[in-house]
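Colleague: The following block contains a protein sequence and its predicted model.
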Amino acid sequence: MSERPTPVTDLAWSPAQARELGEGVLDLWTELLERLPAELVTRERTPAETAAALALPVPEEPTPTAEVLAHLRELTFEQSLHMGHPAYFAYITGAGTIPGAAAEFLAAALNQCSGGYRLGPGAAEIELHLTRWLATRFGLPEGSGGMIMTGGAMANFVGLKCARDQRLGVAVRDRGVAAAGPVAIYASEEAHVIIRRAADMLGLGADAVRAIRVDGEQRMLAGALAEALAADVADGVLPLAVSATAGTTTTGSIDPLPELAALAREHGAWLHVDAAYGGAVVLSDTLRPLLAGTEHADSIAVDPHKWMYTPQSAGCVLLRDFGHLSRSFHADASYIWLDDAVRQGIDFAMHGPQFSRGFAALKVWISLLAHGRLAYARRIEQDMALAAYLGELVQERPQWELMCPARLSICCFRHRPDGWTGTEEELDRHNERLMTAIHADGRVYCSNAVIDGRFGLRACIVNFRTEAQDVERLLDVAEELARGL
Ligand SMILES: Cc1ncc(COP(=O)(O)O)c(C=O)c1O
């Protein structure tokens, strides 16, 4: 017999060691919160500079805590873009709730595997409760529910996977889609690219997604959908799902949900709503009517890490019938046997694509608990008011023009220098250069929009630190930089 192994305790840090590092991290975090408004949103740096600062050789022996903290300081203040900065307006990336960050820390410390109920009973109950509550806010009936995903891409994928399995029959999970006839998913030209990617990942091929024309407000044309459905049915193609968007990525447009729901129902198609961005308005009683029609959805994607401001990453898929998740994802495995007498609760590993999974629900839940729904409602309404205010400023200033009215919390606009005589293409290039200059400058930060083929700037406010002066600063800085182009 070999020698009895003696303890190897290197990794088992004492509570005192945990406290030393933990408090150091807490200090960094609160310093960041204090300094944030005076910091740049980002600074220009090359990948080589960032790698040189952070890609340290992996040490053979422990790094002293002070050095680890110095490394984290470099990451925090020198090598990060601050999405929680009041002048950050790009993409749709929430500012990151403060309670959410604290909860994320504890979630990692608790280290729950929410794949199996018994491995995290509290985690599972919180996730179930949270997602049921969200489903109710969307008007889904009793029996609905969902789960937290890594983001909108996965939430939409899971919703459409349930659609595929319900429409083609669960046997498709074993036999594959080759045995099924041709199918189609209908989404607008303005839908996010992840709908095509979901069709690709589902084995349907991205071309199974029909890009339905939009109206002048970037909303799916119900008439064009009706035509596409009729043409496919005539060709023997099965309408699998209508994927409506509630809050498009570029302009915040909401598809005509009641009309799309009626067309989906008429063709027996699944109704999926990508509310990854716009879904958050259901937290406001005043704004909730904007999403009328979503209550007919079979599945909904909504992203807490967008307009619910939760730290990255947290998406959420909601199902009208929670049972679809297990029908689409259950798998038997001999190595997770439990006596039926002790099996209890929901094993999320049997309800979604991940097997082991963490506890992302906690940061969403604790943020809601700490702030209360009404604080979200007020802030979401404020974000919309700020986007509208930006739109007004754009219209007031001579060198700026709106590309479309502000919708939800998005405003798209472009710069047209005084006395401009160039072509539209040249104006596109001018605005491209302006956006690049804004990014290089780092005092404010926005992204871009391409609307009807024209390039402009886009500000999306999903940031509880942004106020009117930041919106004004965005235009002031952009104008200053435009002068230098
Ligand atoms: C409407 C919409 N759907 C889906 C996504 C993808 O979500 P995620 O980036 O969280 O995967 C986005 C991202 O901006 C989006 O705007």
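Modeller: Alright, I've got the coordinates.

Colleague: Let's see the pLDDT reported for the residue in the stretch 351-485 of the chain that the ligand sits nearest to.
Modeller: Taking C-beta to the nearest ligand atom, the ligand has its nearest neighbour within the stretch 351-485 of the chain at Cys460, 9.0 Å off. Placement of C-beta: from N, CA and C, glycine included. Listed pLDDT for Cys460 reads 98.

Colleague: Tell me who's in contact with the residue nearest to it when sequence neighbours are not counted.
Modeller: Leaving out its chain neighbours, the residue that sits closest to Cys460 by C-beta to C-beta, 6 or more residues apart in numbering is Ile410, at 4.8 Å. For Ile410, the contacting residues are Thr250, Thr251, Gly252, Ala387, Arg458, Ala459, Cys460, Ile461, by C-beta atoms under 8 Å, 6 or more residues apart in numbering.

Colleague: Helices of the stretch 151-300 of the chain, start to end?
Modeller: 152-168, 172-175, 194-201, 222-234, 257-266 (DSSP state H, counting those that start in this stretch).

Colleague: quick one: buried residues of stretch 337-346?
Modeller: Of the residues in stretch 337-346, Ile346 count as buried by neighbour count, 16 or more other C-beta atoms under 10 Å.

Colleague: which parts of the stretch 301-450 of the chain sit against the ligand?
Modeller: By the rule C-beta under 6 Å from any ligand atom, the part of the stretch 301-450 of the chain lying against the ligand is Asp303, Gly315.

Colleague: Okay, now the unreliable bits of the stretch 301-450 of the chain?
Modeller: Within the stretch 301-450 of the chain, not a single segment meets pLDDT under 70.

Colleague: What ranges does it have for its helices?
Modeller: Using DSSP H, counting those that start in this stretch, helices in the stretch 301-450 of the chain cover 304-307, 323-329, 361-371, 373-396, 424-441.

Colleague: which ones are touching the closest residue to the ligand within the chain?
Modeller: Residue nearest to the ligand within the chain (C-beta to the nearest ligand atom): Gly152, separated by 2.4 Å. Contact partners of Gly152, counting by C-beta under 8 Å, 6+ apart, are His192, Ile194, Asp274, Ala276, Tyr277, Ala301, Asp303, Lys306, Gly315.

Colleague: Give the phi and psi angles for the residue of the stretch 351-485 of the chain closest to the ligand, as a check.
Modeller: Main-chain dihedrals, Cys460, degrees, to the nearest 10: phi -120, psi 120.

Colleague: Go ahead and confirm it touches Ser409.
Modeller: Yes: applying C-beta atoms under 8 Å as the test, Cys460 and Ser409 come out as touching, 6.0 Å apart.

Colleague: Could you name every residue contacting both of these two?
Modeller: Contacts common to Cys460 and Ser409, judged by C-beta under 8 Å, 6+ apart, are Gly252, Ala387.

Colleague: Can you tell me which of the helices of the stretch 151-300 of the chain is most buried?
Modeller: Highest mean neighbour count of those: helix 152-168, a mean of 25 (counted as mean count of other C-beta atoms under 10 Å).

Colleague: how about the nearest residue to the residue of the chain closest to the ligand, chain neighbours excluded?
Modeller: Ala276 (3.4 Å).

Colleague: How about the contacts made by the nearest residue to Tyr117 once chain neighbours are set aside?
Modeller: With sequence-adjacent residues excluded and distances taken as C-beta to C-beta, 6+ apart, Tyr117 is closest to Gly345, at 3.2 Å. Contacts for Gly345 (C-beta under 8 Å, 6+ apart) come out as Tyr117, Arg118, Pro121, Ala124, Glu125.

Colleague: so what's the first one up against?
Modeller: In this case it means Tyr117. Counted by C-beta under 8 Å, 6+ apart, Tyr117 has contacts Ala124, Gln344, Gly345, Ile346, Asp347.

Colleague: Recalculate using a threshold of 6 Å.
Modeller: Ala124, Gly345, Ile346, Asp347 (C-beta atoms under 6 Å, 6 or more residues apart in numbering).

Colleague: What distance do you get for the second one to Gln354?
Modeller: Here Gly345 is placed at a distance of 17 Å from Gln354 (C-beta to C-beta, to the nearest Å).

Colleague: now the helices of the stretch 151-300 of the chain in JSON lines, with mean pLDDT and distance to Val394?
Modeller: What follows is the helices of the stretch 151-300 of the chain, written out as JSON lines (pLDDT from 0 to 100; distance: least, C-beta to C-beta, whole Å):
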{"stretch": "helix 152-168", "mean pLDDT": "98", "distance to Val394": "28"}
{"stretch": "helix 172-175", "mean pLDDT": "97", "distance to Val394": "49"}
{"stretch": "helix 194-201", "mean pLDDT": "98", "distance to Val394": "30"}
{"stretch": "helix 222-234", "mean pLDDT": "98", "distance to Val394": "30"}
{"stretch": "helix 257-266", "mean pLDDT": "98", "distance to Val394": "29"}
